[in-house]
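>>> Next come a sequence and a model predicted from it.
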Amino acid sequence: MKKLFVILFALVLAVGVNAQTLTVKQFQESAMALMQQGDFTNAMVALEKAKAIEPQNLETIKNISFCFYLQREFAQAIDAGKIAIELPNADQQSFQILGMSYKSIADYSAANKIYKRALKKFPDGGVIYSEYGESLLQENKKDEAIATWEKGIELAPSYSGNYYNAAKYYYKEMNWIRVLIHGELFVNLESYSARTNEVKKAMLDAYKNMLRPIVKTPYHLIPKYADFEKKQLDIYEKTKQQVAEGLTIDHIGSIRTRLLMEWMSDNAKLYPYQLFSHWQHMIREGIFEAYNQWLFGASFGEEAYQKWLSTHAEEAKKFTEFQQSRIYRQPGGQYYLN
(Lines give C-alpha, C1' and ligand atoms only; values in the text may rest on other atoms or scores of the structure.)
Protein backbone atom coordinates (compact mmCIF):
# COMPACT_ATOMS: atom_id res chain seq x y z
CA MET A 1 0.00 0.00 0.00
CA LYS A 2 2.85 2.41 0.80
CA LYS A 3 4.35 1.75 -2.61
CA LEU A 4 0.98 2.60 -4.18
CA PHE A 5 0.85 5.99 -2.46
CA VAL A 6 4.45 6.71 -3.46
CA ILE A 7 3.57 5.85 -7.06
CA LEU A 8 0.49 8.09 -6.92
CA PHE A 9 2.59 10.91 -5.57
CA ALA A 10 5.24 10.34 -8.23
CA LEU A 11 2.53 10.70 -10.88
CA VAL A 12 1.53 14.04 -9.42
CA LEU A 13 5.11 15.24 -9.62
CA ALA A 14 5.85 13.78 -13.03
CA VAL A 15 2.77 14.54 -15.10
CA GLY A 16 1.08 17.31 -13.17
CA VAL A 17 -2.02 15.39 -12.10
CA ASN A 18 -4.40 17.77 -10.32
CA ALA A 19 -3.59 17.61 -6.61
CA GLN A 20 -7.31 17.62 -5.81
CA THR A 21 -7.58 14.11 -7.33
CA LEU A 22 -5.60 12.86 -4.31
CA THR A 23 -6.97 13.25 -0.81
CA VAL A 24 -5.22 14.86 2.13
CA LYS A 25 -4.86 11.42 3.69
CA GLN A 26 -3.20 10.04 0.56
CA PHE A 27 -0.70 12.88 0.48
CA GLN A 28 -0.01 12.35 4.19
CA GLU A 29 0.55 8.63 3.73
CA SER A 30 2.79 9.25 0.72
CA ALA A 31 4.79 11.72 2.80
CA MET A 32 5.20 9.22 5.65
CA ALA A 33 6.38 6.54 3.22
CA LEU A 34 8.86 8.97 1.67
CA MET A 35 10.15 10.03 5.09
CA GLN A 36 10.73 6.40 6.01
CA GLN A 37 12.79 6.09 2.84
CA GLY A 38 14.78 9.21 3.74
CA ASP A 39 13.36 11.25 0.86
CA PHE A 40 12.55 14.32 2.92
CA THR A 41 12.46 16.71 -0.03
CA ASN A 42 9.60 14.94 -1.76
CA ALA A 43 7.94 14.19 1.56
CA MET A 44 7.78 17.92 2.18
CA VAL A 45 6.30 18.50 -1.28
CA ALA A 46 3.55 15.98 -0.48
CA LEU A 47 2.86 17.63 2.86
CA GLU A 48 2.65 21.08 1.31
CA LYS A 49 0.12 19.78 -1.22
CA ALA A 50 -1.91 18.31 1.65
CA LYS A 51 -1.70 21.63 3.47
CA ALA A 52 -2.91 23.48 0.37
CA ILE A 53 -6.06 21.36 0.38
CA GLU A 54 -6.66 21.59 4.15
CA PRO A 55 -4.51 24.30 5.78
CA GLN A 56 -5.53 23.56 9.40
CA ASN A 57 -5.08 19.79 9.31
CA LEU A 58 -3.21 18.79 12.47
CA GLU A 59 -1.57 15.65 11.05
CA THR A 60 -0.20 17.59 8.10
CA ILE A 61 1.25 20.44 10.16
CA LYS A 62 2.59 18.05 12.78
CA ASN A 63 4.32 15.98 10.10
CA ILE A 64 5.78 19.10 8.51
CA SER A 65 7.31 19.90 11.89
CA PHE A 66 8.58 16.34 12.24
CA CYS A 67 9.99 16.28 8.71
CA PHE A 68 11.99 19.43 9.46
CA TYR A 69 13.10 17.87 12.75
CA LEU A 70 14.40 14.75 10.99
CA GLN A 71 16.40 16.99 8.66
CA ARG A 72 17.82 18.85 11.67
CA GLU A 73 16.21 22.05 10.45
CA PHE A 74 15.10 22.89 13.94
CA ALA A 75 14.08 26.51 13.44
CA GLN A 76 11.55 25.47 10.80
CA ALA A 77 10.46 22.53 12.93
CA ILE A 78 9.78 24.92 15.80
CA ASP A 79 7.83 27.33 13.57
CA ALA A 80 5.56 24.51 12.36
CA GLY A 81 5.31 23.02 15.83
CA LYS A 82 4.11 26.32 17.28
CA ILE A 83 1.25 26.29 14.79
CA ALA A 84 0.39 22.66 15.57
CA ILE A 85 0.00 23.14 19.33
CA GLU A 86 -2.36 26.07 18.82
CA LEU A 87 -4.85 23.96 16.89
CA PRO A 88 -7.90 22.98 18.94
CA ASN A 89 -7.25 19.26 18.38
CA ALA A 90 -3.52 19.42 19.21
CA ASP A 91 -2.44 16.09 20.70
CA GLN A 92 0.41 14.92 22.89
CA GLN A 93 2.60 14.21 19.87
CA SER A 94 2.29 17.83 18.72
CA PHE A 95 3.80 19.02 21.99
CA GLN A 96 6.34 16.19 21.99
CA ILE A 97 7.75 17.14 18.56
CA LEU A 98 7.98 20.82 19.46
CA GLY A 99 9.67 20.00 22.77
CA MET A 100 12.14 17.68 21.02
CA SER A 101 12.98 20.46 18.57
CA TYR A 102 13.73 22.88 21.40
CA LYS A 103 15.84 20.24 23.15
CA SER A 104 17.83 19.71 19.96
CA ILE A 105 19.02 23.32 20.08
CA ALA A 106 19.62 23.02 23.84
CA ASP A 107 16.83 25.46 24.66
CA TYR A 108 15.67 23.43 27.62
CA SER A 109 13.84 26.33 29.23
CA ALA A 110 11.59 26.66 26.17
CA ALA A 111 11.14 22.90 25.99
CA ASN A 112 10.11 22.76 29.64
CA LYS A 113 7.50 25.48 29.11
CA ILE A 114 6.02 23.40 26.30
CA TYR A 115 5.94 20.27 28.46
CA LYS A 116 4.32 22.12 31.38
CA ARG A 117 1.67 23.46 29.06
CA ALA A 118 1.12 19.99 27.60
CA LEU A 119 0.64 18.47 31.05
CA LYS A 120 -2.10 20.97 31.83
CA LYS A 121 -3.96 19.64 28.80
CA PHE A 122 -2.86 16.00 29.19
CA PRO A 123 -2.27 15.42 32.92
CA ASP A 124 -1.78 11.70 32.36
CA GLY A 125 0.37 12.12 29.24
CA GLY A 126 3.04 9.45 29.66
CA VAL A 127 5.21 10.56 26.75
CA ILE A 128 5.20 14.16 28.00
CA TYR A 129 6.47 13.15 31.44
CA SER A 130 9.18 11.09 29.77
CA GLU A 131 10.36 13.92 27.52
CA TYR A 132 10.05 16.52 30.28
CA GLY A 133 12.20 14.46 32.63
CA GLU A 134 14.86 14.07 29.94
CA SER A 135 14.91 17.84 29.45
CA LEU A 136 15.24 18.46 33.19
CA LEU A 137 18.11 15.97 33.38
CA GLN A 138 19.92 17.88 30.63
CA GLU A 139 19.77 20.89 32.95
CA ASN A 140 21.24 18.70 35.71
CA LYS A 141 18.01 18.93 37.69
CA LYS A 142 18.22 15.28 38.70
CA ASP A 143 15.74 15.38 41.56
CA GLU A 144 13.12 17.08 39.40
CA ALA A 145 13.79 14.68 36.53
CA ILE A 146 13.27 11.51 38.55
CA ALA A 147 10.22 13.00 40.28
CA THR A 148 8.77 13.70 36.82
CA TRP A 149 9.37 10.15 35.60
CA GLU A 150 7.90 8.71 38.80
CA LYS A 151 4.82 10.89 38.35
CA GLY A 152 4.53 9.64 34.78
CA ILE A 153 4.70 6.05 36.02
CA GLU A 154 1.98 6.75 38.57
CA LEU A 155 -0.40 8.49 36.16
CA ALA A 156 0.38 6.59 32.94
CA PRO A 157 1.39 3.14 34.24
CA SER A 158 1.34 1.39 30.86
CA TYR A 159 3.66 3.85 29.09
CA SER A 160 7.11 2.27 28.96
CA GLY A 161 9.36 5.30 28.51
CA ASN A 162 9.18 6.56 32.10
CA TYR A 163 10.14 3.14 33.47
CA TYR A 164 13.13 3.07 31.14
CA ASN A 165 14.37 6.50 32.19
CA ALA A 166 13.76 5.78 35.87
CA ALA A 167 15.57 2.42 35.73
CA LYS A 168 18.60 4.05 34.08
CA TYR A 169 18.58 6.84 36.67
CA TYR A 170 18.42 4.45 39.62
CA TYR A 171 21.15 2.29 38.11
CA LYS A 172 23.52 5.25 38.24
CA GLU A 173 22.35 5.98 41.78
CA MET A 174 22.91 2.30 42.75
CA ASN A 175 19.34 2.05 44.01
CA TRP A 176 19.09 -1.61 43.05
CA ILE A 177 15.57 -2.37 44.24
CA ARG A 178 14.14 0.39 42.08
CA VAL A 179 16.15 -0.81 39.10
CA LEU A 180 14.40 -4.15 39.55
CA ILE A 181 10.92 -2.70 40.13
CA HIS A 182 10.97 -0.29 37.20
CA GLY A 183 13.16 -2.44 34.98
CA GLU A 184 10.94 -5.51 35.06
CA LEU A 185 7.81 -3.54 34.33
CA PHE A 186 9.63 -1.89 31.44
CA VAL A 187 10.71 -5.16 29.79
CA ASN A 188 7.15 -6.48 30.03
CA LEU A 189 5.71 -3.33 28.48
CA GLU A 190 8.44 -3.11 25.82
CA SER A 191 9.67 -6.64 25.28
CA TYR A 192 11.49 -6.55 21.96
CA SER A 193 13.42 -3.31 21.45
CA ALA A 194 17.09 -2.40 21.66
CA ARG A 195 16.35 -0.88 25.06
CA THR A 196 14.97 -4.18 26.35
CA ASN A 197 18.34 -5.94 26.42
CA GLU A 198 19.95 -2.90 28.00
CA VAL A 199 17.50 -3.01 30.90
CA LYS A 200 17.76 -6.81 31.27
CA LYS A 201 21.51 -6.43 31.82
CA ALA A 202 20.91 -3.63 34.34
CA MET A 203 18.49 -5.87 36.23
CA LEU A 204 21.05 -8.67 36.47
CA ASP A 205 23.64 -6.20 37.77
CA ALA A 206 21.07 -5.04 40.31
CA TYR A 207 20.58 -8.58 41.60
CA LYS A 208 24.33 -9.18 41.76
CA ASN A 209 24.89 -6.03 43.79
CA MET A 210 21.83 -6.30 45.99
CA LEU A 211 22.35 -9.95 46.90
CA ARG A 212 26.05 -9.87 47.72
CA PRO A 213 26.30 -11.55 51.15
CA ILE A 214 28.79 -9.00 52.44
CA VAL A 215 26.42 -6.13 51.76
CA LYS A 216 23.54 -5.53 54.12
CA THR A 217 20.75 -3.64 52.42
CA PRO A 218 20.83 -0.26 54.18
CA TYR A 219 17.21 0.68 53.62
CA HIS A 220 16.88 1.78 57.25
CA LEU A 221 19.43 4.49 56.46
CA ILE A 222 17.57 5.73 53.37
CA PRO A 223 14.12 6.99 54.37
CA LYS A 224 13.10 7.48 50.74
CA TYR A 225 12.48 3.73 50.50
CA ALA A 226 8.75 3.09 50.59
CA ASP A 227 7.17 0.30 52.61
CA PHE A 228 6.51 -1.57 49.35
CA GLU A 229 10.27 -1.67 48.74
CA LYS A 230 11.21 -2.44 52.33
CA LYS A 231 9.01 -5.53 52.37
CA GLN A 232 10.70 -6.85 49.23
CA LEU A 233 14.15 -6.02 50.59
CA ASP A 234 13.33 -7.92 53.81
CA ILE A 235 12.56 -11.03 51.77
CA TYR A 236 15.65 -10.64 49.61
CA GLU A 237 17.77 -10.24 52.76
CA LYS A 238 16.79 -13.77 53.84
CA THR A 239 18.15 -15.23 50.59
CA LYS A 240 21.66 -13.82 50.62
CA GLN A 241 23.26 -16.95 52.04
CA GLN A 242 22.04 -18.86 48.99
CA VAL A 243 24.47 -16.91 46.82
CA ALA A 244 27.50 -16.95 49.10
CA GLU A 245 29.48 -18.80 46.43
CA GLY A 246 28.21 -16.62 43.59
CA LEU A 247 24.94 -15.85 41.88
CA THR A 248 23.63 -18.19 39.17
CA ILE A 249 20.49 -18.04 37.10
CA ASP A 250 19.12 -20.98 39.11
CA HIS A 251 19.60 -18.90 42.26
CA ILE A 252 17.65 -16.05 40.70
CA GLY A 253 14.75 -18.36 39.86
CA SER A 254 14.69 -19.76 43.39
CA ILE A 255 14.96 -16.32 45.02
CA ARG A 256 12.21 -14.84 42.87
CA THR A 257 9.94 -17.81 43.61
CA ARG A 258 10.48 -17.30 47.34
CA LEU A 259 9.79 -13.59 46.99
CA LEU A 260 6.50 -14.39 45.26
CA MET A 261 5.38 -16.99 47.83
CA GLU A 262 6.09 -14.76 50.82
CA TRP A 263 4.58 -11.73 49.10
CA MET A 264 1.35 -13.49 48.24
CA SER A 265 1.12 -14.87 51.76
CA ASP A 266 1.91 -11.70 53.70
CA ASN A 267 1.56 -8.61 51.50
CA ALA A 268 -0.76 -9.22 48.53
CA LYS A 269 -3.86 -7.85 50.23
CA LEU A 270 -2.13 -4.64 51.23
CA TYR A 271 -0.24 -4.29 47.95
CA PRO A 272 -1.98 -6.05 45.06
CA TYR A 273 0.49 -6.06 42.20
CA GLN A 274 -0.14 -7.06 38.61
CA LEU A 275 3.45 -8.14 37.96
CA PHE A 276 3.37 -10.69 40.77
CA SER A 277 0.03 -12.00 39.51
CA HIS A 278 1.77 -12.33 36.15
CA TRP A 279 4.52 -14.40 37.82
CA GLN A 280 1.89 -16.60 39.46
CA HIS A 281 0.23 -17.26 36.12
CA MET A 282 3.54 -18.27 34.54
CA ILE A 283 4.32 -20.63 37.42
CA ARG A 284 0.94 -22.31 36.95
CA GLU A 285 1.62 -22.58 33.20
CA GLY A 286 5.06 -24.09 33.82
CA ILE A 287 6.92 -21.28 32.03
CA PHE A 288 8.39 -19.23 34.89
CA GLU A 289 11.84 -20.72 34.38
CA ALA A 290 11.64 -19.86 30.69
CA TYR A 291 10.66 -16.30 31.63
CA ASN A 292 13.67 -15.98 33.95
CA GLN A 293 15.89 -17.38 31.22
CA TRP A 294 14.47 -14.82 28.78
CA LEU A 295 15.22 -12.08 31.29
CA PHE A 296 18.70 -13.11 32.41
CA GLY A 297 19.99 -16.08 30.42
CA ALA A 298 21.83 -14.21 27.68
CA SER A 299 23.35 -11.80 30.21
CA PHE A 300 24.81 -14.73 32.15
CA GLY A 301 26.24 -16.17 28.94
CA GLU A 302 24.93 -16.59 25.42
CA GLU A 303 26.32 -20.10 24.97
CA ALA A 304 24.69 -21.40 28.14
CA TYR A 305 21.43 -19.68 27.23
CA GLN A 306 21.35 -21.27 23.78
CA LYS A 307 22.05 -24.65 25.37
CA TRP A 308 19.13 -24.15 27.75
CA LEU A 309 16.87 -23.23 24.83
CA SER A 310 17.84 -26.39 22.96
CA THR A 311 17.30 -28.67 25.97
CA HIS A 312 14.04 -26.97 27.01
CA ALA A 313 12.61 -26.34 23.57
CA GLU A 314 9.00 -27.12 24.49
CA GLU A 315 8.95 -24.82 27.52
CA ALA A 316 10.74 -22.07 25.59
CA LYS A 317 8.22 -22.34 22.76
CA LYS A 318 5.30 -22.26 25.19
CA PHE A 319 6.68 -19.14 26.86
CA THR A 320 7.26 -17.38 23.53
CA GLU A 321 3.72 -18.16 22.40
CA PHE A 322 2.36 -16.92 25.73
CA GLN A 323 4.38 -13.70 25.59
CA GLN A 324 3.49 -12.92 21.99
CA SER A 325 -0.21 -13.67 22.48
CA ARG A 326 -0.82 -10.97 25.06
CA ILE A 327 -0.05 -7.32 25.67
CA TYR A 328 1.05 -6.59 29.22
CA ARG A 329 -0.72 -3.67 30.84
CA GLN A 330 0.11 -2.26 34.25
CA PRO A 331 -3.13 -1.10 35.89
CA GLY A 332 -3.59 2.19 37.66
CA GLY A 333 -3.76 2.31 41.44
CA GLN A 334 -0.69 0.08 41.96
CA TYR A 335 1.96 2.75 42.41
CA TYR A 336 3.39 2.28 45.90
CA LEU A 337 6.60 4.32 45.86
CA ASN A 338 5.29 7.54 47.41
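Cool, the structure landed. Residues are numbered from 1 along each chain as shown.

>>> What about the nearest residue to E139 once chain neighbours are set aside, how many residues nearby?
Among residues not flanking E139 along the chain, Y108 sits closest, at 5.0 Å (Cβ to Cβ, 6 or more residues apart in numbering). (Each C-beta comes from the backbone N, C-alpha and C, glycine too.) Neighbours of Y108 under the rule other Cβ atoms under 10 Å: 19.

>>> which intervals of the stretch 1-150 of the chain have sub-threshold pLDDT?
1-21 (pLDDT under 70).

>>> related to what we said a few turns ago, next, the contact list for the residue nearest to E139, please.
Neighbouring residues of Y108 by Cβ atoms under 8 Å, 6 or more residues apart in numbering: Y102, S135, L136, Q138, E139.

>>> Would you mind listing which of those residues are buried?
Using 16 or more other Cβ atoms under 10 Å as the burial test, the contacts of Y108 include Y102, S135, L136 as buried.

>>> mind putting these in a markdown table, distance to L309 and secondary structure included?
Below are the buried ones among the contacts of Y108 laid out as a markdown table (distance: Cβ to Cβ, whole Å; DSSP: H, G, I helix; E, B strand; the rest coil):
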| residue | distance to L309 | secondary structure |
| --- | --- | --- |
| Y102 | 46 | helix |
| S135 | 41 | helix |
| L136 | 42 | helix |
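
>>> Tell me the one of the contacts of Y108 nearest M264?
Top of the list for closeness to M264, among the contacts of Y108 and by Cβ to Cβ, is L136 at 37.5 Å.

>>> Grab the nearest non-local neighbour of that closest one.
Closest residue to L136 apart from its sequence neighbours, by Cβ to Cβ, 6+ apart: A145 at 4.1 Å.

>>> And for I64?
Nearest non-adjacent residue to I64 (Cβ to Cβ, 6+ apart): A80, at 4.6 Å.

>>> Could you report the neighbour count for the one you found?
Neighbour tally, A80, other Cβ under 10 Å: 25.

>>> Pull the contacting residues for it.
So A80 contacts I61, K62, I64, S65, F68 (Cβ under 8 Å, 6+ apart).

>>> quick one: the fourth one from L211, how far?
S65 sits at a distance of 48 Å from L211 (criterion: Cβ to Cβ, to the nearest Å).
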